[in-house]
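Trainee: structure, please.
(chains A, B, C and D, ligands or ions: 2)
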Amino acid sequence: MAIKGFKNHPYIPNSVPEVQKEMLKAIGLNNLEELHEEVPEAIKLKDNMKLPEAIPSEYELRRHVEEILKKNINCKDNLNFLGAGCWQHYVPAICDEINSRGEFLTAYGGEPYNDFGRFQALFEYESLVGELVDMDVVNVPTMDWGQAAATSIRMASRITGRKEALVPKSMDKDRFLIMKNYCAPDIQLIQVDYEKETGQLNLEDLKGKISEKTAAAYFENPSFLGFIEENGRQISDLAHRFSALSVVGVDPITLGVLKPPSQYGADIICGDLQPLGIHMNYGGGQSGFIATRDEEKYVMEFPSRIFGMAPTGVEGEYGFGDVAFDRTSFGHHREHGKEYVGTQTALWGITAGVYLALMGPKGMEEIGQTIMQKSQYAVMRLNQIAGVEGSFFNSVNFKEFVVDFNKTGKTVKEINKKLLQKNIFGGKDLSSNFPELGQCALYCVTEIHLKTDIDRLAAALEEVLNV
Amino acid sequence: MAIKGFKNHPYIPNSVPEVQKEMLKAIGLNNLEELHEEVPEAIKLKDNMKLPEAIPSEYELRRHVEEILKKNINCKDNLNFLGAGCWQHYVPAICDEINSRGEFLTAYGGEPYNDFGRFQALFEYESLVGELVDMDVVNVPTMDWGQAAATSIRMASRITGRKEALVPKSMDKDRFLIMKNYCAPDIQLIQVDYEKETGQLNLEDLKGKISEKTAAAYFENPSFLGFIEENGRQISDLAHRFSALSVVGVDPITLGVLKPPSQYGADIICGDLQPLGIHMNYGGGQSGFIATRDEEKYVMEFPSRIFGMAPTGVEGEYGFGDVAFDRTSFGHHREHGKEYVGTQTALWGITAGVYLALMGPKGMEEIGQTIMQKSQYAVMRLNQIAGVEGSFFNSVNFKEFVVDFNKTGKTVKEINKKLLQKNIFGGKDLSSNFPELGQCALYCVTEIHLKTDIDRLAAALEEVLNV
Amino acid sequence: MKKINRDSRVRKNFHQAKWDEPIIFELSQKGERGILVPKAEEDVVGVVGDGVSGIPDHLKRKEHPNLPEISQPRVLRHYMRLSQETLGADVNIEIGQGTCTVKYSPKINEMLAKLTDITELHPLQDESTVQGILEIMYKTGVFMNEISGMDRFSFQSGGGSQAVMAMASVMRAYHADKGESRTRDEVITTIYSHPSDAAAPAVMGYRIIYIHPDEDGYPDFEAFKAAVSERTAGFIVANPEDTGVYNPRVKEFTDLIHSHGGLCGYDQANANGLFGVTRAREAGFDMCFFNLHKSFSTPHGCGGPAVGAMGVTKELEKYLPAPLIDYDGDKYYLNYDICRDPFNIGKVRMFYGVAPVVLKAYAWIMALGAEGLYEVAKVAVLNNNYLFRKLMEVDCIDAPYIKGKQRVEQVRYTLQKLAEDTGITTGDVQRRMMDFGMHYWTSHHPYYIPEPMTLEPTEAPSKEDLDEYIETLKYIIKEAYESPEIIKTAPHRSVCHQVDERTLDEPDEWAISWRSYLKKAKDKG
Amino acid sequence: MKKINRDSRVRKNFHQAKWDEPIIFELSQKGERGILVPKAEEDVVGVVGDGVSGIPDHLKRKEHPNLPEISQPRVLRHYMRLSQETLGADVNIEIGQGTCTVKYSPKINEMLAKLTDITELHPLQDESTVQGILEIMYKTGVFMNEISGMDRFSFQSGGGSQAVMAMASVMRAYHADKGESRTRDEVITTIYSHPSDAAAPAVMGYRIIYIHPDEDGYPDFEAFKAAVSERTAGFIVANPEDTGVYNPRVKEFTDLIHSHGGLCGYDQANANGLFGVTRAREAGFDMCFFNLHKSFSTPHGCGGPAVGAMGVTKELEKYLPAPLIDYDGDKYYLNYDICRDPFNIGKVRMFYGVAPVVLKAYAWIMALGAEGLYEVAKVAVLNNNYLFRKLMEVDCIDAPYIKGKQRVEQVRYTLQKLAEDTGITTGDVQRRMMDFGMHYWTSHHPYYIPEPMTLEPTEAPSKEDLDEYIETLKYIIKEAYESPEIIKTAPHRSVCHQVDERTLDEPDEWAISWRSYLKKAKDKG
Ligand SMILES: Cc1ncc(COP(=O)(O)O)c(C=O)c1O
Ligand SMILES: Cc1ncc(COP(=O)(O)O)c(C=O)c1O
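Mentor: Residues are numbered from 1 along each chain as shown, chains lettered A, B, ... in the order given. Ligands and ions are numbered 1, 2, ... in the order given. Below is the predicted model of the structure:
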């Protein structure tokens, strides 16, 4: 045989040849090759795959990988103002401690009798996010905000029996693409324009597009462009007038200071947990949640797993389990269940729970306030730079804001390149996805930015813009 | 009162004023000040201590500390050849994983019923090190090699009833100072010279100094200067001839390839666990061990705790506990027990156990071999540099070796300064502690050095020395 | 001291950590804080004020969310305890979560994935600042190509099921491109493929046709022939299926689909037993996916984050979700070219997938190389068949379908005889296994195989581990005949006892959150 | 769903994780590897050969050490399980390890101490490369000065006991410097100071004189007066002592020592309840030490690594172990000047002490500031006295000495009445407490207070935690009167049952290592 195995490998206990012989004997085989007799020769590989030489010593492996990773430069050693769907917030040490605990990290799909702690932690996460959004039902997290929003719309479609959904034109293009693919082929997404001045959803346009075919009016708060959407109540009311659902995407870190959408008419709330104690991870920290009222018609439309509490045979004992398991594709109905379910982002759910438990009501209020103060300060500070408008839109911002460079005579691309030389990651260039804005960039300021950081940005911009 | 407390602090649950009031009421006091009524006014502080403002937010605290630590430059991003009592070996990820487990990290002095795992892990560490040194008894670790050696000598002194100990002149000066302080006032340490050519202990000098007063002949293998001490058997025999004990300090990472001192006559073996899976930690990773045969006269002289296995009331159950607890100062005899015991370095003991369990017999052999190959390569490569002698002594080295720069016309200090500019930490300058060697430096090469690293050192030296 | 006798492998004295923790809300004490957050500097406050007065009054949150107030040590203690109450792969012999490929996740990889140079990367950073992670993702893609024979990989899917969905999206795009989107509305799969192989394409608008097994447990080729038609958009199938049966005629299946214009997607979540032995390409597939969180060792994290790495042939590349990661000989970059294709499927997940998972898979592959991957496959199958043979010796255990041949990766057994003899069901055994610190999985619903038990050892357990699992099962079976009550009332040594599951299906009773529980409990009380 | 009733605070359903793990040697399987180590490159081998043939034959290890051979997942699993079987402070209500000041160790500090910029520092690096850690150590020293009133700190001692030893070394050096080393050979301490306060000076050659308490539990001043003489080298004492009694006349004690030419060393391992309230200087001490691993929150690590931070007055600085850390206004440096003093004590530990522990203490102080430290002291004492009052309400619990006054930091209680009434000893209660997941410490030997129980809550537990501990104790006491057998046979829910301790004191029986166990077990047959 041309194919060789790697004997006595630390990850593979039974890669010891003597043990293999003993086991083969026990099952009546002569050699390892016979194990794959069912695979026809025609489709068998004849040689070892062409992969790089193994680096079997842990030290050399570590050094190898670290040397590659060192080619990155990160947001900790540099000053970052990128947000746009992935945000740099502070991750409390305990969040990392808990999600690194081997038991949580390596658990998977055990029963409540095996993984009691996993069930309780996820039940608690559901309950904590429930309080934040003021809803009674929250799912075990799905992939990301985009997936959560797409599923929310599918849920609305099933509940209303309708096939159109309205979405804001100002939303993130990538998130829109996720929703579009997931809603195809049967549900149509119709974009609603925004007010030029304020960025707010254009209610006239909305009125023009909403109809008896509308399953859901979906909007976001804060909007992708960072400002607070002020007409949530009107939008929800309008949706309800047409017996459509109001679906709201929300950044949960705002909810210590902003009203939860449930309090202005939302029927389904979705969003991303990443701001709640999860590192950016190059975009790997996303985690979507969906929340509704505790009504059967909503609960039964979730595709996700939902963990609930239940009594056990022993007085005083909490038990847990899957609520209405059979609605999922894991239940008896498979593809006739609700959409599909599978591995998603449970560990981030647990982490978000830890975060909220640490923060408490005061912490959530304070962080909201700090962020707003700091981002407002940034807007004002950037406003002082000749040619720069700190905020393109005339609306209240939360942590993100559209900085207008149109009058500087420079493109965002040029500016960001120069900023990079000063170890600053400038805001996301909006010029290709929002050509109507010209040379604008979406900046993100959070509690991690000290005043000195913002001042450093401003000074760098002044230098870059030669003002 | 001028003194203020910090209310609602996350680390102090009962810093909540309302809770404090309730508790004060329950104990019949009116305010927190009354709690310290026993402290006389005359010695009470009248004002808050003068400490920097607290940094209560975890984010800012982290940033503050990280900014200070960033002023360090470390042995990972740079190329390090320092050893001399603290060695850069590779630390397997699992060693860190286990000693970071909150349960081990924050356990302390519980009974075997509380801390069963701690007892088992330390029993196993004892057993594993016991195999490595081929002895039946190992203690729960003490502070460091120096402390272990000092205690070994005190043990020898009690066993023999004598008050002199012979120690090699070539040993580390700091270690010697630890032993000297700890053995004072009653035990005298007498230094034995070394052979100029080979560095080996001078047997003639030893013979001249050993006597009926000698409690112990202490030597090290490898020696502080890195070479293998070849006359262990003769030294032990000589000691035994005078009814003194042979005490040997050893670097445990050598013992996959080198004979353990028990096999050439050692009665007590001591050394440092730091090479076995413990980071250098700026010198905070030291951890001393002591090993003897399982003879009452030895065991009863240990001041340390020693964990042993014991049966429980239930068939098939392992139990653990303190062996001969009453010999320690924690027992009934307090200062009449053996020396004293207290918090030492148990977590490093557990870590060393994990390391040995991972490495196994093959791993220990291979690492010994790799280190010897690489350090020999380094000696040869440095030899090629004009004016440089790769090894001052004509003996077999393990991982450390004395590089002779006497013929370069430069001091080690100058050379190291220049190497530092090239991000290389040159070997320890021996010129002040070993003036007889002139301009020599103790270099350390281990499994973490790739050939390219050694070549980089050589090239740098060539440049620095202008050859 | 006498020798302490410990002959039996069965861990009869096991008990799971049981802390009886309250629900986190019950830990609340008004005024306690878990962590303090940065406040705006005085200078900033001087300029902008309180920051929140600008919020329109009707959008201001007037009452604090009802989150608990808990000190930091208590939050930590709570979650530490819950973690101990969770049977992660790090602490148990993972054989019982069959089809999940739960294997050893090396700690070194976790340490690497926690480096600031990956955790603190923003996905929109300039390419020049993320060359390291792009290199990792690019190279891992190249490895995947070699391991599968496909031409191009995307890591965007956050799990296997989402990858199935993405495969179905590609099918849709492909047929739309060919102008056949309306006519091709069926996807064929098998009953022993994963439920997501049916459910995800169904979301994408496809009607699902199931192929049932023939007598030997192979997908019935005659039935398959009958099912394939011009309506067939594609075929999505696992091989081996959850029974562990490998379909040796797979190439005939894929050929038939192709001859009718359909596409073939290979669910390679079970690829672990095939590394270096055979590949998607040789078996005729146009697409496949691997679960990096399964076969490639990255930890399951209680159910993600994860990556379903999807590979396609050159022809289908343009439909993949953008961006792809490319290398121009000098630097790595995000390639958005495919976006311009009008039939490109768009996106399935934000950004580029879960980068740390890709990193861990990269490190795992590098630690093994081609020889190691081959060893993984061989040992996984060896372990599986060792278990298989040993269990088949037990009177009341059977495994339907092909006899005397090897099974790849896992086996779905049946305990029907046990149930008939003793009334002990597979669900009972499941609970009882926990009393020995072990997982035990029955099967997905519906139970096509009666009283199923699905075991998948992978390469991670040692022979000793396998023997412990086997002996424990035998021990329970003995109990079933001798003292079934102990099984019926199990678990006894878990954190909780048998749950009254009825409430979980009753809208008036279920308690999905603490607040909802309190409301309902009050209503009752 | 009905409300689930959980009134009782007593954790009656607790069970510790019990894995029944074998001893690590029993996991060995020939051929398995836990980790692979780097091999020398071929080029290197080409030049130097096998590297080991140079070893003189008589020094070559011919047989492998008998270490176990275990795969990586199994090593991990083993230690993960053992960790779950350990009752660290992270997982329990730490009240019962009285005098150990086990408090909350913030996780943020652990993360900081794991940064490469500290773990990968070599202690002999050039000063210019370690400015960060030197700054931390220097500043922490300055904080310690302020907290104690001393003038200079050394972090070299690796624990409190070693710091006592260092204090005794300084005494010796000081008197030697004064030419009195021979005549001053006595150290005075008290019976309720820590055993190390006696044992460590004894190692340094001192004869120990104990002062017993007077009726109120204060060190008897008359006895003290009688003990002090020209033979007195010094006085080493804790205040409060382990009884929690604070000696308000401490200054009279230190004055008396000084008037006889002795030195006073303050064992401040119990300083937690005094931060910001009173200091070593005001109490007249010349030296003191803090346990950073206790009062300053760094974790105990199963018993170290740790730091006994020792402070002295200006006058004694020159005796401290070198180097000291200094700042010249521009950079931090290691100051070896004191080495030149002929009476300098030399060293007590390699290098400069356990740097990561100092770092964690620094971070802890910075998170609290002066107000936070004061709050720590107040709450620690509040918690202690709350516990004290509540327990004193229990009929069979008493605490000898001063009544009606506050105790600082801890209390040593007595369960003598319980023992008399029921036969249940404090040792029995100790074991039974484990059945509820709690530590319980009796006292150091000998038991000057009969049937002692020593509790020290610190500031870390909440009122709720204290109440749980109290109720649990009461529950056990009730059991003692009603069903003492359950206590006598405890623990029942721990990893193991009562140990046959006899074997541990019998040289023929004790098993200090696995190999020694095997030998002896064989000998027995
Ligand atoms: C064969 C097969 N396909 C698909 C999946 C779904 O993958 P995921 O759980 O990542 O969504 C699984 C998961 O176990 C599987 O075993
Ligand atoms: C009062 C007192 N002194 C000294 C010590 C000894 O300190 P260490 O355990 O660090 O050696 C302790 C430890 O508990 C103590 O409580």
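Trainee: which intervals of chain A have sub-threshold pLDDT?
Mentor: Low-confidence segments of chain A (pLDDT under 70): A:1.
Trainee: partner strands of the longest strand seen in it, with direction?
Mentor: Taking DSSP state E as the assignment, the strand of chain A that covers the most residues is strand A:214-221. Its sheet considered, strand A:214-221 pairs with strand A:164-168 (parallel), strand A:245-250 (parallel) by DSSP bridges.
Trainee: how far is the helix or strand hosting C:Lys520 from where the chain is centred?
Mentor: Assigned by DSSP states H and E, C:Lys520 belongs to helix C:514-524. Distance, stretch centre to chain centre, for helix C:514-524: 33 Å (Cα atoms, centre = their mean, to the nearest Å).
Trainee: can you pull the buried residues of it?
Mentor: C:514-517, C:520 (16 or more other Cβ atoms under 10 Å in any protein chain shown). Glycine gets a C-beta too; all of them are placed from N, C-alpha and C.
Trainee: for it, what is the average pLDDT?
Mentor: For helix C:514-524, mean pLDDT rounds to 89.
Trainee: any part of that helix near chain A?
Mentor: Yes. Using Cβ under 8 Å from any Cβ of the partner chain, helix C:514-524 comes into contact with chain A via C:514-517, C:519.
Trainee: can you name the residues that contact the residue most central in space within chain A?
Mentor: The residue lying closest to the centre of chain A (Cα atoms, centre = their mean) is A:Gln286, at 2.7 Å. Contacts for A:Gln286 (Cβ atoms under 8 Å, 6 or more residues apart in numbering or on different chains) come out as A:85-86, A:143-145, A:272, A:274, A:345, A:348, C:349-351.
Trainee: try A:Asp115
Mentor: The contact partners of A:Asp115, taken as Cβ under 8 Å, 6+ apart, are A:107, C:85-87, C:302.
Trainee: please apply the same query to C:Trp514.
Mentor: Per Cβ under 8 Å, 6+ apart, neighbours of C:Trp514: A:123-124, A:127, A:130, A:309, C:23-25.
Trainee: before we move on, the earlier item: TSV please, covering the residues of helix C:514-524 next to chain A and showing distance to A:Pro40.
Mentor: Putting the residues of helix C:514-524 next to chain A into TSV (distance: Cβ to Cβ, whole Å) gives the following:
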residue	distance to A:Pro40
C:Trp514	56
C:Arg515	58
C:Ser516	55
C:Tyr517	56
C:Lys519	61
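Trainee: which residues of the stretch 101-250 of chain A lie near chain D?
Mentor: A:102-103.
Trainee: can you tell me the residue of the stretch 101-250 of chain A closest to ligand 2?
Mentor: Residue of the stretch 101-250 of chain A nearest ligand 2, by Cβ to the nearest ligand atom: A:Arg101 (28.2 Å).
Trainee: which one is that residue nearest to, not counting chain neighbours?
Mentor: Here the nearest residue to A:Arg101 in space, its sequence neighbours aside, is C:Ser83; by Cβ to Cβ, 6 or more residues apart in numbering or on different chains that works out to 4.0 Å.
Trainee: what's the helix or strand where the one you found lies packed up against?
Mentor: Taking DSSP H and E as the definition, C:Ser83 sits inside helix C:72-84. Packed against helix C:72-84 by the contact rule (3 or more Cβ pairs under 8 Å, 6 or more residues apart in numbering or on different chains; DSSP states H and E) you find helix A:93-100, helix A:102-105, helix A:116-133, helix A:346-383, helix B:102-105.
Trainee: list of residues touching the next helix or strand after it?
Mentor: Elements were assigned by DSSP H and E; along the chain past helix C:72-84, the next helix or strand is helix C:107-113. Outside helix C:107-113, the residues within contact range by Cβ under 8 Å, 6+ apart are A:58, A:61-62, A:65-66, A:69, A:100, A:105, B:92-94, B:96-97, C:118-119, C:297-299, C:356-357, C:359-360, C:363-364, C:367, D:76.
Trainee: go on, stretch A:185-205?
Mentor: So stretch A:185-205 is contacted by A:153-154, A:157, A:163-170, A:176, A:179-180, A:183, A:206, A:209, A:215, A:219, A:223, A:225, A:227, A:229-231, A:234-235, A:238, A:392-395, A:402, C:172, C:181, C:204-205 (Cβ under 8 Å, 6+ apart).
Trainee: what about A:Asp181, distance to A:Gln188?
Mentor: Just so we're on the same page, residue A:181 is Asn rather than Asp. Distance of A:Asn181 to A:Gln188, given as Cβ to Cβ, to the nearest Å: 13 Å.
Trainee: spit out the contact partners of A:Glu60.
Mentor: Contacts for A:Glu60 (Cβ under 8 Å, 6+ apart) come out as B:450, D:38.
Trainee: give me phi/psi at it?
Mentor: A:Glu60 adopts backbone torsions of phi -70, psi -30, taken as degrees, to the nearest 10.
Trainee: kindly report the same for A:Val138.
Mentor: Phi and psi for A:Val138, reported as degrees, to the nearest 10, are phi -140, psi 140.
Trainee: just checking, it touches A:Ile290?
Mentor: Yes. A:Val138 is within contact range of A:Ile290, at 7.1 Å (criterion: Cβ atoms under 8 Å).
Trainee: domains of chain A?
Mentor: Annotated domains of chain A cover A:79-88+A:365-465, A:93-356 [automatic domain parsing].
Trainee: for stretch C:373-392, what is the average pLDDT?
Mentor: 98.
Trainee: is it in proximity to chain A?
Mentor: Yes. Judged by Cβ under 8 Å from any Cβ, stretch C:373-392 comes into contact with chain A through C:373-379, C:381-383, C:385-386, C:388-390.
Trainee: for that stretch, buried residues please.
Mentor: Buried positions in stretch C:373-392, judged by neighbour count with 16+ other Cβ under 10 Å: C:373-388, C:390-392.
Trainee: who touches the residue of the stretch 301-450 of chain C found nearest ligand 2 in this structure?
Mentor: Residue of the stretch 301-450 of chain C nearest ligand 2, by Cβ to the nearest ligand atom: C:Gly437 (35.3 Å). Taking Cβ under 8 Å, 6+ apart, we find C:Gly437 in contact with C:11, C:14, C:16, C:87, C:91-92, D:19.
Trainee: possible to save those as JSON lines with pLDDT and neighbour count?
Mentor: Shown next, in JSON lines, are the contacts of C:Gly437 (pLDDT from 0 to 100; neighbours: other Cβ atoms under 10 Å in any protein chain shown):
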{"residue": "C:Arg11", "pLDDT": "96", "neighbour count": "22"}
{"residue": "C:Phe14", "pLDDT": "97", "neighbour count": "19"}
{"residue": "C:Gln16", "pLDDT": "98", "neighbour count": "27"}
{"residue": "C:Leu87", "pLDDT": "98", "neighbour count": "30"}
{"residue": "C:Val91", "pLDDT": "98", "neighbour count": "26"}
{"residue": "C:Asn92", "pLDDT": "98", "neighbour count": "29"}
{"residue": "D:Trp19", "pLDDT": "98", "neighbour count": "25"}
